[in-house]
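Asker: dropping a prediction and its sequence here:
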Amino acid sequence: MVNKRRQSVIAWVTLIAMMAFPLSIVAQTQLKYHSNRFSVQDDVKLGRQAAQEAEQQFPLLNDEQVRGYVERVGRRLVNAIPQQFQHPEFNYYFKVVNARDINAFALPGGPMYVNRGMIEAAHNEGEMAGVMAHELSHVALRHGTAQATKGQKYGTLAAIAGIAGTIFGGQGVGQLAQAPFAVYMLKFSREYETEADVLGAQIMARAGYDPRDLANMFRTIEQQGGGGGGFLSDHPSPSDRYARINREAQYLRVEGGQGDTREFARVQERLRGYQRAPSMAEIQRSGQRYPTGENTGYPNNVPTGRVEYPSSRYQSVSIFGNGVQVSVPSNWQQLSEGNSVWFAPNGGYGQYNGQAVFTHGVNLGIAQTNSRNLQQATNELINSLAQGNNSLRTSGGYQRTTIDGHSGLWTTLSNVNEATGRPENIRLITAQLRNGQLFYMIAVAPQNERNFDSAFQNVLRSLRLND
């Protein structure tokens, strides 16, 4: 009788303890590592190699404000990874790819790349953080090298590149390797994607985000038509993932506050001011990250036309092997392009459809023409400028002028800037050098901005042709 009473008390106490124990700890899905022949150091090494490949192929967004914001969200998520999946050897860092696909990918050891299109598509910081948490889960669970263990006969780095992959499928990191093993690896990919959804939801809750935002991101993808094609062919369907994440979310307790809605909105607004990003397919077809070349100094976005007024202070510059000297406003940058040099303010230059484009500034150059007649040579130059540009028009005849004692011509052209869609005035001044080459100065600014006129005149007066 005593023993029965004691057993009853123990059972009752146990029941009370179980009831008091947090349901989230009891019910949330327990995850574990898969068999892995690689060491943690191998993850770091192989991930570093894959990151080098990625950064040779994908254009990174050159915007420290956007990158810094993504980095802060990423750090918040990294700190929320459960202790059993923390790896001090890993070096997590976050970069933004200037591509419009709704995508992100992470590599073994910590490198993570977030597509600009994903940030723009998300409705709030939580949805963006959900994508990032999913990708961090692949890294924390060491899915890359675990998958490589299973598909080792197809090549280690190729296996990692194929599986470290993209939450929203398609082009992404799969470009790092043509994956003949893709069909063989399909059943593993589905399993790992589900695990990354589950751990991603848990990380979000620990970081103070509602895990249902990750589920909602799949609805966002479906609404924007981004869930088809390669994604559905090798990942669980968005509807299945939506339901699975919401089931996990009901057992999770969100800790702390939510994301910074205002900063997220500011970042999205900043991105909207840029040229539309290319797709991964377009980047792949071009064969280059930056079609005009990495070292040109042109940012990988289009100018918005918002620039500083020309400085009243001028700096003297020698160009063309000291063949030309010129003074330009001190807040203008020098950029070389072929046989010419541009001087332009920050924000007044960039790229559009893979080509350098300017909204404000001065272009100085030397052209080889077929005529020693100044007007005919100038006509040749105008015709070459007009090739492929149906908007360029002459808006007046020629006027006589001089450039450093050389007889010159002055004419005005009108154009619609291909990047901003704004009408602009182009002033063209030419002079022939003694060797028959044509020296030219092109000054460009929007039609309604007259505050650059005096700067253009000062640049013209300062020219010294050491001919």
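Answerer: Arrived safely.
Asker: C-alpha only now, for contacts and for neighbours.
Answerer: Will do.
Asker: find the least confident helix or strand in this protein, judged by mean pLDDT.
Answerer: helix 230-234 (a mean of 34; mean pLDDT, DSSP states H and E).
Asker: just after that helix, pick out the following helix or strand.
Answerer: Following helix 230-234 in sequence order, the next helix or strand is helix 238-249 (DSSP states H and E).
Asker: other SSEs contacting that next one?
Answerer: helix 186-207, helix 212-223 (3 or more CA pairs under 8 Å, 6 or more residues apart in numbering; DSSP states H and E).
Asker: how long is stretch 343-363 end to end?
Answerer: End-to-end span of stretch 343-363 (CA to CA, to the nearest Å): 6 Å.
Asker: show me what counts as buried in it.
Answerer: 343-354, 356-363 (16 or more other CA atoms under 10 Å).
Asker: quick check, residue 411 in a strand?
Answerer: Yes - counting by DSSP: H, G, I helix; E, B strand; the rest coil, residue 411 is part of a strand.
Asker: which of the helices and strands packed on helix 238-249 sits most buried?
Answerer: Most buried of the helices and strands packed on helix 238-249 by mean neighbour count (mean count of other CA atoms under 10 Å) is helix 186-207; its value is a mean of 23.
Asker: report the angle between that helix and helix 212-223.
Answerer: Helix 186-207 runs at 130 degrees relative to helix 212-223, counting by axes from the mean of the first three to the mean of the last three CA atoms, to 10 degrees.
Asker: which other residues reach helix 186-207?
Answerer: Here helix 186-207 makes contact (CA atoms under 8 Å, 6 or more residues apart in numbering) with 29, 31, 76-77, 79-82, 129-130, 133-138, 143, 147, 163, 167, 210-212, 214, 234-236, 241, 244-245, 248-249, 252-256.
Asker: rerun that using 6 Å as the cut-off
Answerer: Outside helix 186-207, the residues within contact range by CA atoms under 6 Å, 6 or more residues apart in numbering are 77, 80-81, 133-134, 137-138, 211, 235-236, 254-255.
Asker: now stretch 412-425
Answerer: Outside stretch 412-425, the residues that reach it (CA under 6 Å, 6+ apart) are 352, 391-395, 426-427, 444-447.
Asker: quick one: mean pLDDT for the helix or strand harbouring residue 53?
Answerer: Assessed by DSSP H and E, residue 53 sits inside helix 40-57. The predicted model assigns helix 40-57 a mean pLDDT of 82.
Asker: may I have that helix exported as CSV, CA atoms only?
Answerer: C-alpha atoms of helix 40-57 as CSV (Å, rounded to 0.1, in the frame of the first residue of the first chain):
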residue,chain,number,x,y,z
VAL,A,40,35.0,20.9,-40.0
GLN,A,41,38.3,22.3,-41.4
ASP,A,42,37.4,20.7,-44.8
ASP,A,43,34.1,22.6,-44.8
VAL,A,44,36.1,25.8,-44.2
LYS,A,45,38.6,25.1,-46.9
LEU,A,46,36.2,23.8,-49.6
GLY,A,47,33.7,26.7,-48.9
ARG,A,48,36.5,29.2,-49.3
GLN,A,49,37.3,27.6,-52.7
ALA,A,50,33.7,27.7,-53.8
ALA,A,51,33.4,31.3,-52.7
GLN,A,52,36.3,32.3,-54.9
GLU,A,53,34.5,30.7,-57.8
ALA,A,54,31.3,32.4,-57.0
GLU,A,55,32.8,35.9,-56.7
GLN,A,56,34.5,35.4,-60.1
GLN,A,57,31.1,34.8,-61.7
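Asker: now do the buried residues in whichever helix or strand comes after it.
Answerer: Downstream of helix 40-57, the next assigned helix or strand under DSSP H and E is helix 64-78. Of the residues in helix 64-78, 66-67, 70-71, 73-74, 76-78 count as buried by neighbour count, 16+ other CA under 10 Å.
Asker: alpha carbons only: can I get helix 64-78 in PDB?
Answerer: Extracted in PDB, the C-alpha atoms of helix 64-78 (Å, rounded to 0.1, in the frame of the first residue of the first chain):
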ATOM      1  CA  GLU A  64      28.200  49.300 -48.200                       C
ATOM      2  CA  GLN A  65      25.000  50.500 -46.600                       C
ATOM      3  CA  VAL A  66      23.000  47.600 -48.000                       C
ATOM      4  CA  ARG A  67      25.700  45.000 -47.300                       C
ATOM      5  CA  GLY A  68      26.200  46.300 -43.700                       C
ATOM      6  CA  TYR A  69      22.400  45.900 -43.100                       C
ATOM      7  CA  VAL A  70      22.400  42.400 -44.400                       C
ATOM      8  CA  GLU A  71      25.500  41.600 -42.300                       C
ATOM      9  CA  ARG A  72      23.800  42.800 -39.100                       C
ATOM     10  CA  VAL A  73      20.700  40.600 -39.800                       C
ATOM     11  CA  GLY A  74      23.000  37.700 -40.600                       C
ATOM     12  CA  ARG A  75      25.000  38.100 -37.300                       C
ATOM     13  CA  ARG A  76      21.800  38.200 -35.300                       C
ATOM     14  CA  LEU A  77      20.800  34.800 -36.900                       C
ATOM     15  CA  VAL A  78      24.300  33.300 -36.500                       C
END
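Asker: angle of that helix against helix 186-207?
Answerer: Inter-element angle recorded for helix 64-78 and helix 186-207: 90 degrees (by the same axes, to 10 degrees).
Asker: name the helices or strands packed onto whatever helix or strand comes next after helix 64-78?
Answerer: Following helix 64-78 in sequence order, the next helix or strand is strand 93-97 (DSSP H and E). For strand 93-97, the packing partners by 3 or more CA pairs under 6 Å, 6 or more residues apart in numbering; DSSP states H and E come out as strand 111-115.
Asker: what pLDDT is listed against residue 445?
Answerer: On pLDDT, residue 445 comes in at 92.
Asker: neighbours around residue 54, how many?
Answerer: For residue 54, the count of nearby residues is 21 (other CA atoms under 10 Å).
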